[in-house]
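Novice: from the sequence below, what's the structure:
(2 chains)
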Amino acid sequence: MKESIDARGLSCPQPVLDTLAKIEAMGSGELEVLVDTEASKENVSRAVQAKGWRVESITEDNGEYCLKLAGD
Amino acid sequence: MSNFFATRKGIISVGLVIGGLAALLQYLGNPGNMGICVACFERDIAGAVGLHRAGVVQYMRPEIIGFVLGALGAAFVGKDFRPRAGSAPIVRFILGAFAMIGALVFLGCPWRAVLRLAGGDLNSLFGLAGLIVGIGVGTMFFRQGYNLGRSQKTYWSVGLLMPLLMVGFLVLMFLYPQVADQPKTDVLFYSLKGPGAMHAPLLISLGVGLLVGVLAQRSRFCTMGAFRDLILFKQVHLLSGVVALLVAAFALNLVLGQFNLGFDGQPVAHTQGLWNFMGMLLAGLCFALAGGCPGRQLFLAGEGDGDAAVFVLGMIVGAGFAHNFGLASSPKGVGPHGIAAVFIGLAVCLFIGFTMRKKAA
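Specialist: Here you go, the predicted model:
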């Protein structure tokens, strides 16, 4: 089952903290992260890539971003 | 990543530009090692509108106005203007006030701590050490679930209020310009001596502020975040920008003859190492708990973050308190009540940090 995090409305560095905690707990798999600022989008992308995960896609809808992440 | 300024090369470029411009502003008239200091300049603004009556630090700093308006413009162009508010505003106000008090015990924000070092002021090493320790304490709270809660999307007008306030300040500045030898021109106070009387030409300061606002909004430049990300995530992305700022300011200071290595006789600084450390420890903890350095809070306010705007207002009011009640330092040393204020501030921060954890809720 795909895991997800709703980090909308959370200020820096909470979206990154929550995402990293989740991928550490998951180890591998697919994770969807919702954020609502461009800064959070960039910070989460950068942080997960540093941990060896991939950013499969980023979609925007009405100012909110959905990051689809994957880790082997 | 489509945003160049958010890349490693981008943040380094931004750091180099900010450091260079800061040294240049100092050359053009800003106080020593204070080409750009968000805390000092907000303190000067507090004085300009009469929130304190310390005659040597009263000036409506155009750089601050430019930071917010530049960030607003960049956010609009980059489709990043997101009006939001409602995440623990009273906490952010209090953190802003104590951040300012801590910064004024040290005599500078994190940007100025770096610029002081770039100018050869070794007292700043104590401040930088305190800043890092304060941020380190803040990260411990984050690891334990500290969280200010979610903000909410809100009306576009909410996001525009801080930029509009800055426009109002700018209008006041043009309506009531400084007149030689007059400490007040109707509604605005102007220093006749001291750091507040030292400033680069208005339009140059405003232009630099606008440019820095644009660059910092796009790059998410944050001196507190630089150290926090290193401690929390072992990431050096933001830190590379801060190092670039230091290098550029240092190089330009050498070229312009503004470098003076040592502890004694440094401009707008004191030599009480312990209180340089403790002041910035308090400030660093406040910045960490609030999620950004004072510059970052201005840029966030420019892109519509009403909570960051509350932090900025907290800093301006904190500056009023700091100078009205003897909390701020001077080149002679810590103010009469500065030490007590640091301990009270630390106690308040610990109260906030311990009680605002998900595990404590």
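Novice: what number of residues lie near the residue in chain A that chain B sits nearest to?
Specialist: At 3.2 Å from chain B, residue A:9 is the closest residue in chain A, using CB to the nearest CB. In this view, the C-beta of every residue, glycine as well, is placed from N, C-alpha and C. Neighbourhood size, residue A:9 [other CB atoms under 10 Å in any protein chain shown]: 20.
Novice: next, whichever residue of chain B sits closest to chain A: secondary structure please.
Specialist: With CB to the nearest CB as the measure, residue B:150 is the residue of chain B nearest to chain A, at 3.2 Å. Following DSSP: H, G, I helix; E, B strand; the rest coil, residue B:150 is assigned to coil.
Novice: wait, it sits on residue A:14?
Specialist: No. Look at residue B:150 against residue A:14 with CB atoms under 8 Å: they stay out of range, at 9.0 Å.
Novice: verify the stated contact: the residue of chain A closest to chain B with residue A:36.
Specialist: Yes. Contact criterion CB under 8 Å: residue A:9 and residue A:36 qualify, at 6.4 Å.
Novice: contacting residues for the residue nearest the centre of chain A?
Specialist: Centrality entry for chain A: nearest residue to the mean C-alpha point is residue A:33, 3.9 Å, by CA atoms, centre = their mean. When contacts are counted by CB atoms under 8 Å, 6 or more residues apart in numbering or on different chains, residue A:33 is found next to A:4, A:5, A:7, A:15, A:19, A:44, A:66, A:67, A:69.
Novice: looking at the residue of chain A closest to chain B now. What's its pLDDT?
Specialist: Among the per-residue scores, residue A:9 holds a pLDDT of 95.
Novice: the one 10 residues further on too?
Specialist: Model confidence at residue A:19, expressed as pLDDT, equals 96.
Novice: isn't it up against residue A:7?
Specialist: Yes. The pair residue A:19 / residue A:7 is scored as a contact, 7.1 Å apart, by CB under 8 Å.
Novice: which one of those two is surrounded by more residues?
Specialist: residue A:19 (25 against 22).
Novice: need the next SSE after the helix or strand containing residue B:212, C-terminal direction.
Specialist: Using DSSP states H and E, residue B:212 maps to helix B:202-219. Following the chain from helix B:202-219 toward its C-terminal end, the next helix or strand by DSSP H and E is helix B:223-233.
Novice: and that next one, is it in reach of chain A?
Specialist: Yes. Counting by CB under 8 Å from any CB of the partner chain, chain A is contacted by helix B:223-233 at B:225, B:228, B:229, B:232, B:233.
Novice: please name the nearest non-neighbouring residue to residue B:103.
Specialist: Spatially, and ignoring its direct neighbours in sequence, residue B:103 is nearest to residue B:39 (3.8 Å; CB to CB, 6 or more residues apart in numbering or on different chains).
Novice: per-residue pLDDT of that neighbour, please?
Specialist: 98.
Novice: for the one helix or strand it maps to, name the packing helices and strands.
Specialist: Here residue B:39, judged by DSSP H and E, is contained in helix B:38-48. Where contact means 3 or more CB pairs under 8 Å, 6 or more residues apart in numbering or on different chains; DSSP states H and E, helix B:38-48 is packed against helix B:62-77, helix B:89-106, helix B:110-118, strand B:188-189, helix B:294-302, helix B:306-324.
Novice: flag every buried residue along that helix.
Specialist: B:38, B:39, B:40, B:41, B:42, B:43, B:44, B:45, B:46, B:47, B:48 (16 or more other CB atoms under 10 Å in any protein chain shown).
Novice: just how off-centre is that helix within its chain?
Specialist: 10 Å (CA atoms, centre = their mean, to the nearest Å).
Novice: please identify the deepest-packed of the helices and strands packed on helix B:38-48.
Specialist: helix B:294-302 (a mean of 31; mean count of other CB atoms under 10 Å in any protein chain shown).
Novice: helices or strands up against that helix?
Specialist: In this structure, helix B:294-302 makes packing contacts with helix B:38-48, helix B:62-77, helix B:89-106, helix B:110-118, helix B:156-175, helix B:202-219, helix B:223-233, helix B:306-324, judged by 3+ CB pairs under 8 Å, 6+ apart.
Novice: for the third one, list the C-alpha coordinates in CSV.
Specialist: Taking Å, rounded to 0.1, in the frame of the first residue of the first chain, the C-alpha atoms of helix B:89-106 are listed here in CSV:
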residue,chain,number,x,y,z
PRO,B,89,1.0,33.9,15.9
ILE,B,90,1.4,34.9,19.5
VAL,B,91,4.3,32.4,19.9
ARG,B,92,5.9,33.8,16.7
PHE,B,93,5.5,37.4,18.1
ILE,B,94,7.1,36.5,21.4
LEU,B,95,9.9,34.6,19.6
GLY,B,96,10.5,37.6,17.4
ALA,B,97,10.7,40.0,20.4
PHE,B,98,13.2,37.8,22.2
ALA,B,99,15.2,37.1,19.1
MET,B,100,15.6,40.8,18.7
ILE,B,101,16.6,41.2,22.4
GLY,B,102,19.2,38.4,22.0
ALA,B,103,20.5,39.9,18.8
LEU,B,104,20.9,43.3,20.4
VAL,B,105,22.8,41.9,23.3
PHE,B,106,25.3,40.6,20.7
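Novice: what does the average pLDDT come to for that helix?
Specialist: Mean pLDDT, computed over helix B:89-106, is 98.
Novice: show me where chain A has strands.
Specialist: Assigned by DSSP state E, the strands in chain A fall at A:3-6, A:29-35, A:54-61, A:64-71.
Novice: those strands into a markdown table, with extra columns for mean pLDDT?
Specialist: Shown next, in a markdown table, are the strands of chain A (pLDDT from 0 to 100):
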| stretch | mean pLDDT |
| --- | --- |
| strand A:3-6 | 95 |
| strand A:29-35 | 96 |
| strand A:54-61 | 95 |
| strand A:64-71 | 96 |
